[in-house]
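Trainee: Provide a 3D model corresponding to the input given below.
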Amino acid sequence: MIRTNLLLLVLLLLCGSAQAQKKYNISSPDGLLTADITVGEQLTWSLSHDGAQLIDPSPVSLTLAGGEQLGPNARVRRANKESFGETIVSPFWISSSVENRYNELQFTFRGDWGITFRLYDDGLAYRFHTSRKGTLTIASEEATFRFTGDHHAWVPYVKGGLGGDQLQSSFENTYQHTPLSQINRERLIFLPLLADAAPGKRVLITEADLESYPGMYLTPDTLTDHTLKGLFAGYPAAVEQGGHNNLQMRVTQREAFIARTDGSRSFPWRVCVVTGNDATLAASSMVYRLASPSRLEDTAWIKPGKVAWEWWNDWNLEGVDFKTGVNNETYKYYIDFASEHGIEYVILDEGWAVNRQADLMQVIPGIDIPALVAYGRERGVGIILWAGYHAFDRDMEEVCRHYAAMGVKGFKVDFMDRDDQELVNFIYRAAETAARHKLLLDLHGIYKPTGLSRTWPNVLNFEGVHGLEQMKWSPESVDMVTYDVTVPFIRMAAGPMDYTQGAMRNASRGNYRPVNSEPMSQGTRCRQLALYVVFNSPINMLCDSPTNYMREPESLRFIASIPTVWDETLPLSGRVGEHVTLARRSGDDWYVGGITGWKSRDIEVDLSFLPTGQYEMTLFRDGVNAHRKGSDYRKETRNVASGEILRLHLAPGGGFAMQLKKVD
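Mentor: Numbering: from 1, shown residues only. Got it, this is the predicted structure:
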């Protein structure tokens, strides 16, 4: 009798467990991606592609202050499936329009909260939503990604950090290619991260629509093998002015919660981009599609373009009769250079405002900004000003009003170096304030893009990239060439990046050395030209000195002709860490750029993507001696036809770039 009663009890418990646990699934529009969602003791999701499991069941939850958990033991009120399709107009993106087609499964649970899963043909996204009165305090969020085995990942570790605090960094580092089991547990990982997930398939993890919430880092789960989990910065409880030239606000103490926010809202998307073809990652629009729609009705005043930039080349000019530096004579020279070559902007980088005062109203004696703005206006060149974070934040409204009235076109805001909720709120406030005054923003010292350039299109560019500035000081051991053929598939998949290419001093392998005042690039000249096509950068720097460009008129003419936003982007070929080739269209003109790693490469470029007809091709390719002298190149101009196959040799660290103009 006792044994029978025990058996009945076990059966009842099993039945109760089975009844409490409900399973749902949703597929992508093409039917290849499938997500399984389980609601029960835990709220979990898993992901497969064409029958191959990519992510094993992974729990998610939000924990509120006071201990309430949204996720475990959820009770479903509604579970609605719907399909959506629309075309997003995207004038400052990698294409003039973006197709937004997905299937969605939206849960509403008892307790006035829910979660939404979206499946696109190229990935999955999920987000929490709440509908409660007043405010919510989020103590923590559980976001997990359980891979099916010890796959390799490309890991961007946080480097350094203010005062050793990894939650205060510039989000700049190269990638470590490592098995999941070998990830350093002492170092945080910033997003995006790319990992193998099944034979021939990769998953890129990032986030989108990050508003009024901290950014997500990843760290290995100490309890489960091959699992990464989210980590979020606590809300700043105390900050102090400091850091670079007293322009930063350093967090000295954090709250026990990560966000205090509206009780009725949608939270950021957790995103997995899935591919079986690496090249598609370099043209991903997943984050852009998931971002909140534009909050600007009038965008006609927003003008992307190229920028003559003085900081990287250390204000170095030759053959002039004045001392170069942060003074009006130097900037008038840069304006003349920009005007002559059709370059839309000149930037005044750090140094025009009085140092260490964090006050953008204090201008040094050698600079007359109204005079420079007027000089530029007469020559069709706009002025952009550099601003440290705290200097911009402390009097944002007046700074924007004052300089917009003067005729300044925008700001490059730098040294945020955080992504807690307070800093994210600053970014949105800066975007809105700048937009009201018709000012562009280029954000440096900042986390990866999460779709802000769709929501506020005046935010044209972001750093959060290990850009060419690193070559001013990095030792020979820093491998920029490999980074260049890795970052398009990872960081660039999240959005534009101000890498600041365009070096005219080009070092072949073994010839690079850091020279702060006369810096050089790693790899060939044609690689630098190709980066203007390969990298997505709506406001794009010419990093080198006018003197060096004018010594290289063919390279300058080509760079100056390249658009910075596109009507169409096609990924032609690529493999992470090895090579990438993209084609981009602006109007009837096409540009194609390709780069390789340190391994020389023979490639074929199939011109079948061109509409039928003849095209005048201007091609820059590595010279026969580019492997030993990086500046060696060959320029070729001839007609080609749609469907023609070009065979090109890329030197170690090399590249190629071409313009294709339709022949009437």
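
Trainee: what sits against Gly623?
Mentor: Gly623 sits next to 629, 632-634, 651 when contact means Cβ atoms under 8 Å, 6 or more residues apart in numbering. Just so you know, the C-beta spots here come from the backbone N, C-alpha and C atoms, and that holds for glycine as well.

Trainee: and if you look at Gly523?
Mentor: Going by Cβ under 8 Å, 6+ apart, Gly523 touches 480-481, 484, 506-508, 595, 630, 653-655.

Trainee: low pLDDT regions in this structure?
Mentor: 1-19 (pLDDT under 70).

Trainee: all helices for it, in order.
Mentor: Ranges of helices in the chain, per DSSP state H, are 2-20, 286-290, 328-340, 369-378, 389-394, 396-406, 421-436, 452-455, 480-484, 525-534, 546-551, 553-561.

Trainee: export those helices to a markdown table and tack on mean neighbour count and distance to Leu646?
Mentor: Converted to a markdown table, these look like this (neighbours: other Cβ atoms under 10 Å; distance: least, Cβ to Cβ, whole Å):
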| stretch | mean neighbour count | distance to Leu646 |
| --- | --- | --- |
| helix 2-20 | 10 | 61 |
| helix 286-290 | 25 | 31 |
| helix 328-340 | 20 | 32 |
| helix 369-378 | 17 | 40 |
| helix 389-394 | 22 | 46 |
| helix 396-406 | 17 | 47 |
| helix 421-436 | 20 | 42 |
| helix 452-455 | 24 | 33 |
| helix 480-484 | 23 | 22 |
| helix 525-534 | 28 | 14 |
| helix 546-551 | 19 | 27 |
| helix 553-561 | 17 | 17 |
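
Trainee: Which of those helices sits closest to Glu99?
Mentor: Set against Glu99 and scored by Cβ to Cβ, the helices of the chain come closest in helix 286-290, at 8.4 Å.

Trainee: Quick one: distance of the closest one to the chain centre.
Mentor: Its chain's average C-alpha position is 12 Å from that of helix 286-290, according to Cα atoms, centre = their mean, to the nearest Å.

Trainee: re earlier: now the helices of the chain in a markdown table, with distance to Lys81?
Mentor: Below are those laid out as a markdown table (distance: least, Cβ to Cβ, whole Å):
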| stretch | distance to Lys81 |
| --- | --- |
| helix 2-20 | 22 |
| helix 286-290 | 19 |
| helix 328-340 | 54 |
| helix 369-378 | 55 |
| helix 389-394 | 44 |
| helix 396-406 | 44 |
| helix 421-436 | 32 |
| helix 452-455 | 26 |
| helix 480-484 | 42 |
| helix 525-534 | 39 |
| helix 546-551 | 56 |
| helix 553-561 | 49 |
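
Trainee: Show me which of the contacts of Gly623 is closest to Thr63.
Mentor: Ala651 (54.0 Å).

Trainee: Run through the residues that contact that closest one.
Mentor: Residues counted as contacts of Ala651 (Cβ under 8 Å, 6+ apart) are 508, 524, 600, 622-623, 626-627.

Trainee: mind listing which of the contacts of Gly523 are in strands?
Mentor: The members of the contacts of Gly523 that map onto strands under DSSP state E are 506-507, 595, 655.

Trainee: Max pairwise distance over the residues you listed: which two?
Mentor: Ala507 and Ile595 (15.1 Å).

Trainee: ok, these two, which is more surrounded?
Mentor: Each of Ala507 and Ile595 has its neighbours counted (other Cβ atoms under 10 Å); Ile595 has more, 32 against 22.

Trainee: How many residues are close by the residue lying closest to that one once chain neighbours are set aside?
Mentor: Distance criterion Cβ to Cβ, 6 or more residues apart in numbering; nearest residue to Ile595, sequence neighbours excluded, is Gly655 at 3.9 Å. Residues near Gly655, counting by other Cβ under 10 Å, number 34.

Trainee: again, but for Thr222
Mentor: Around Thr222 there are 8 residues (other Cβ under 10 Å).

Trainee: measure it to Ile183 for me?
Mentor: 12 Å (Cβ to Cβ, to the nearest Å).

Trainee: related to what we said a few turns ago, quick one: which of the helices of the chain is nearest Tyr120?
Mentor: Closest among the helices of the chain, using Cβ to Cβ: helix 286-290, at 6.7 Å.

Trainee: Show me what the closest one is packed up against.
Mentor: Here helix 286-290 touches strand 97-109, strand 113-120, strand 123-147, strand 201-208, strand 269-275, going by 3 or more Cβ pairs under 8 Å, 6 or more residues apart in numbering; DSSP states H and E.

Trainee: quick one on the thing from earlier: buried ones among the contacts of Ala651?
Mentor: Among those, those classed as buried by 16 or more other Cβ atoms under 10 Å are 508, 524, 622-623, 626-627.

Trainee: hmm, back to that, kindly reformat the ones in strands among the contacts of Gly523 as a markdown table and extend each row with distance to Leu228.
Mentor: Listed next are those as a markdown table, based on distance: Cβ to Cβ, whole Å:
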| residue | distance to Leu228 |
| --- | --- |
| Asn506 | 38 |
| Ala507 | 36 |
| Ile595 | 29 |
| Gly655 | 33 |
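
Trainee: what does stretch 34-44 rub up against?
Mentor: With contact meaning Cβ under 8 Å, 6+ apart, stretch 34-44 is reached by 17, 20-28, 45-49, 57-61, 71-74, 76, 105, 107, 115, 117, 119, 124.

Trainee: what's Val273 in contact with, if anything?
Mentor: By Cβ under 8 Å, 6+ apart, the residues touching Val273 are 122-123, 203-204, 206, 281, 284, 286, 493.

Trainee: And these, which is closest to Phe267?
Mentor: Thr206 (15.0 Å).

Trainee: bridging residues for the closest one?
Mentor: Beta-bridge partners for Thr206, by DSSP bridges, are Val271.

Trainee: So it versus Met520, what's the distance?
Mentor: Going from Thr206 to Met520 by Cβ to Cβ gives 32 Å.

Trainee: How about Gly67?
Mentor: Counting by Cβ to Cβ - Gly67 and Met520 are separated by 57 Å.

Trainee: So which of those two has more stuff around it?
Mentor: Between Gly67 and Met520, counted using other Cβ under 10 Å, Met520 has the larger neighbour count: 21 against 7.

Trainee: Setting aside sequence neighbours, what's the nearest residue to that one?
Mentor: Spatial nearest neighbour of Met520, excluding adjacent residues (Cβ to Cβ, 6+ apart): Arg505 at 3.9 Å.

Trainee: I'd assumed Gln522 was in contact with the one you found.
Mentor: No: in this structure Arg505 lies outside contact range of Gln522 using Cβ atoms under 8 Å: 10.7 Å.

Trainee: between the two, who's got more neighbours?
Mentor: The neighbour count for Arg505 versus Gln522, taken as other Cβ under 10 Å, is higher for Gln522 (27 against 19).

Trainee: correct me, but Asp395 touches Leu360?
Mentor: Yes: between Asp395 and Leu360 a contact is recorded at 7.4 Å, counting by Cβ under 8 Å.

Trainee: quick one, which of the two is more surrounded?
Mentor: Leu360 (24 against 15).

Trainee: Tell me if I'm right that that one and His390 touch.
Mentor: No: applying Cβ under 8 Å as the test, Leu360 and His390 come out as separate, 10.2 Å apart.

Trainee: give me every residue that touches the residue nearest to Met520.
Mentor: The contact partners of Arg505, taken as Cβ under 8 Å, 6+ apart, are 518-521, 544, 548, 631.

Trainee: Lys201 now?
Mentor: Counting by Cβ under 8 Å, 6+ apart, Lys201 makes contact with 49, 52, 54, 274-276.
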